[in-house]
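>>> A predicted structure for the sequence below; I have some questions about it.
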Amino acid sequence: MDIKRTEINLNLESYKHEGHFVEVSIDLLIEVGSYITLLVNLYDNNEFTWNDDQAVIGGNLVRLYKLIFGVLDNVCDQKGEFVQIFTRLAFECIVNTRYLIKNYDEKTIISYKLNSLKTDKRLYTEIKSLIAERNNMVLPIEHRMMSSIENLFAKSNIDLDMDHKTERNWGNKNFFEKTKSLGLDKLYLSHFSMTSNEIHGSWSDLMFHHLDTNSDGKFIPNFDWDTPRPQPLTAIAFLVPTLLIEYLESFFDNTPRQILTKIEELENRVSLFIELHEQWLKKNQ
């Protein structure tokens, strides 16, 4: 697979406005996404499949690719709020996947699955209770919902009768604790913690993005979109290569050194570009 290399122009004078940095950031994210698609099509067997434990890692990599696509789509549409939302989701996906790789054992995988399926189990139990109250009369919609949940558990290799009283957070760590265990806590606090406002629709989100004030200090609606900036894009582009290297080194015995070298070089290029943007901001703002 021939992946196009994003060239970095080191001449600050060539960047007339921040939009030029956004354009390069888009190319870097496309390059990052290309490496994800390359790696998820590598297998450690001749069947070209994942077992259900490997699928936890592989599925998260596919999800990450789609989230990056969502970032790029909304950058091109100039919808800055959605860019923030998708980059936060991508960051969370990166943290979860790296944590799973570093703690890849049966206990962690089962914890991840059980925590994910507990809402489905709760719904299944509630439907069974309603059926019992009707003297075992099953409504068609209930039959479909129960069959769907049973199929989900069967494909997940999780017994519906298994005790689902799991810890509050899978892996027995909350999200911030996971970022700390990976050495990403400072990056989380500086780049991604505030974007939870955009995801949950807090008052801060309304104030910054969806409301304006008139001359009397009264609130009026704001239907304008924020202009996307380079930082969310380059932050994700910088984080992905480490994840991909850890994935290769953990699950493949004979990874071509050429692939690792290219991914490491991509990480260095992104780091260089981030520093270049900081220099530009210092000079122009």
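Cool, got the structure.

>>> list the contacts of the residue nearest in space to the middle of the chain.
Nearest to the geometric centre of the chain sits residue 90, at 2.3 Å (Cα atoms, centre = their mean). The contact partners of residue 90, by Cβ atoms under 8 Å, 6 or more residues apart in numbering, come to 64, 67, 68, 71, 236. Quick note: C-beta positions are derived from backbone N, CA and C, even for glycine.

>>> show me the contact partners of the helix-or-strand element of the chain with minimal mean pLDDT.
Here the helix or strand of the chain ranked lowest by mean pLDDT, DSSP states H and E is helix 196-200, holding a mean of 86. Contacts of helix 196-200 with the rest of the structure, by Cβ under 8 Å, 6+ apart, involve 81, 84, 85, 88, 89, 202, 204, 205, 208, 209.

>>> now stretch 238-247
Contacting residues not belonging to stretch 238-247 are listed as 32, 35-36, 39, 57, 61, 64, 68, 91, 94, 97-98, 101-102, 184, 187, 260, 263-264, 266-267, 270-271, 274 [Cβ under 8 Å, 6+ apart].

>>> is it true that residue 149 touches residue 118?
No. Counting by Cβ atoms under 8 Å, residue 118 is not a contact partner of residue 149; they are 11.8 Å apart.

>>> which one of the two has more residues nearby?
Taking other Cβ atoms under 10 Å, residue 149 and residue 118 do not tie; residue 149 has more neighbours (17 against 14).

>>> show me the contacts for the more buried one.
Counting by Cβ under 8 Å, 6+ apart, the residues that residue 149 touches are 120, 121, 123, 124, 160.

>>> starting at the chain centroid, how far to the next helix or strand after the least confident helix or strand of the chain?
Sequence-wise, the next helix or strand beyond helix 196-200 is helix 203-205, with elements assigned using DSSP states H and E. When C-alpha coordinates are averaged (Cα atoms, centre = their mean, to the nearest Å), helix 203-205 and its chain have centres 22 Å apart.

>>> just stretch 137-150 next, same as before
Using Cα atoms, centre = their mean, the offset of stretch 137-150 from its chain centre is 32 Å.

>>> tabulate the contacts of helix 196-200 (a markdown table), appending distance to residue 248 and pLDDT.
As requested, these are exported to a markdown table (distance: Cβ to Cβ, whole Å; pLDDT from 0 to 100):
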| residue | distance to residue 248 | pLDDT |
| --- | --- | --- |
| 81 | 35 | 94 |
| 84 | 30 | 93 |
| 85 | 29 | 94 |
| 88 | 26 | 94 |
| 89 | 24 | 96 |
| 202 | 38 | 91 |
| 204 | 39 | 90 |
| 205 | 38 | 91 |
| 208 | 39 | 91 |
| 209 | 39 | 92 |
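
>>> I'm done for today, thanks for sticking with me.
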